[in-house]
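I'll drop the sequence and a predicted model, then ask my questions.
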Amino acid sequence: MRNLFAFIYRFRAFLVFVMLEVLCIFMIVRYNTYQGAAFFNSANRYIGEVLEFQSGITDYFRLANVNSTLAQENSVLRQQLLEYQKAVLIDSTKTQDTTLFAKTDTLRQYPYILHAGRVINNSVRRTNNTLTLAIGTEDGVKPGMGVIASNGVVGRIKTVSRKYSTATSLLHSQMLISAKIKKNSTMGTIKWTGGDFRTALLDYIPLDVKPVKGDTIVTSGFNTVFPEGIMVGTISSVAKEPDRSFYTIKVNLSVDFAQLSYVYVVENTQKAEREELEQEAGILPNEE
């Protein structure tokens with residue numbers, strides 16, 4: 001306290017000068033219309049710039065929450081899109097008189113639920129690549145569930161904790177995806193053979209089929225992991241080899257695995273029932 005009084009006493013002349021200047025400015029602004037308007041316009045501009053800067057900083061640190069919210073909303077919209085696509089597929093096999101019933105029944109029984117999750121770790125240049133997601137059992141995630149992105153197939157859940165999970169990437173030597181050529185529904189298997197993380201192979205397409213460059217490859221729906229019609233990629237090259245009874249087909253993957261940020265974990269609510277029935281019947285599961 002003594003030092004404070006000493007400081008005020010030492011700079012008393014300067015402090016009195018500052019106080020008088022402030023008083024003068026206040027009186028000029030308060031009792032002169034033009035000067036008052038000019039002052040408040042300038043003040044509002046500078047205050048606005050400060051608030052805008054402050055808002056920019058706040059928004060930057062809120063991006064994670066904003067992105068998470070958007071991902072949750074997107075998961076709901078994507079699920080509705082999958083339901084609609086399935087309804088259209090069934091509608092195409094029904095007569096005009098049963099269209100409404102088919103669509104309503106499909107939407108009611110559609111078994112897939114999407115859970116949005118953030119990618120917090122990812123690899124693309126190993127032989128066996130994996131992902132770590134900030135979503136776990138408390139969000140409904142279980143081992144074996146499929147993982148997709150907004151533009152295609154990503155992989156399959158391997159291990160799960162309360163808040164986190166790991167997934168086997170499509171870019172894994174042991175990962176097989178049951179797929180088909182969209183235009184003619186010819187079944188095959190997608191397998192990554194290493195190297196370029198942007199391409200994979202489509203195996204088991206017989207020679208009597210005529211695949212061409214640019215054909216779309218989607219999931220077959222013949223397993224309990226991925227819904228039918230999820231994008232996998234497009235054919236980049238087709239080759240015949242004399243010692244093989246199938247084409248050698250390269251596929252450009254639709255997902256950019258180097259840029260993954262948010263994904264959707266696919267829950268099949270009817271998986272257990274189907275697998276139990278197929279196990280009792282001795283039916284081997286499809287490649288997943």
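It's in.

Strands along this structure, start to end?
Secondary structure of the chain (DSSP state E): strands at 112-122, 128-133, 146-149, 152-160, 165-172, 176-181, 186-191, 199-203, 216-219, 231-239, 248-253, 262-268.

partners of the last one in the sheet?
In this case it means strand 262-268. strand 112-122 (antiparallel), strand 146-149 (antiparallel) (DSSP bridges).

Over it, what's the mean pLDDT, rounded is fine.
Average pLDDT, strand 262-268: 90.

Kindly export that strand (C-alpha atoms) in CSV.
What follows is strand 262-268, C-alpha atoms only, in CSV (Å, rounded to 0.1, in the frame of the first residue of the first chain):
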residue,chain,number,x,y,z
TYR,A,262,-15.4,-38.7,-39.2
VAL,A,263,-16.9,-42.2,-39.9
TYR,A,264,-20.1,-44.1,-39.2
VAL,A,265,-20.2,-47.4,-37.3
VAL,A,266,-23.0,-49.6,-38.8
GLU,A,267,-25.1,-51.5,-36.3
ASN,A,268,-27.2,-54.3,-37.7
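
how much does it deviate in direction from strand 152-160?
Relative orientation of strand 262-268 versus strand 152-160 (axes from the mean of the first three to the mean of the last three C-alpha atoms, to 10 degrees): 70 degrees.

thinking again about what came up before, kindly compare burial across the strands paired with strand 262-268 and name the winner.
strand 146-149 (a mean of 25; mean count of other C-beta atoms under 10 Å). The C-beta positions use only the backbone N, C-alpha and C, and glycine is treated the same way.

thought residue 200 was touching residue 190?
Yes - contact status for residue 200 versus residue 190: in contact at 5.4 Å, counting by C-beta atoms under 8 Å.

ok, back up a step: so which of the strands paired with strand 262-268 is nearest residue 31?
strand 112-122 (58.3 Å; C-beta to C-beta).

which residues are common contacts for residue 200 and residue 190?
Residues touching both residue 200 and residue 190 (C-beta atoms under 8 Å, 6 or more residues apart in numbering) are 170, 233, 251.

what's near enough to touch the second one?
Think residue 233. Taking C-beta under 8 Å, 6+ apart as the test, what residue 233 contacts is 152, 190, 200, 217, 251, 252, 253, 254.
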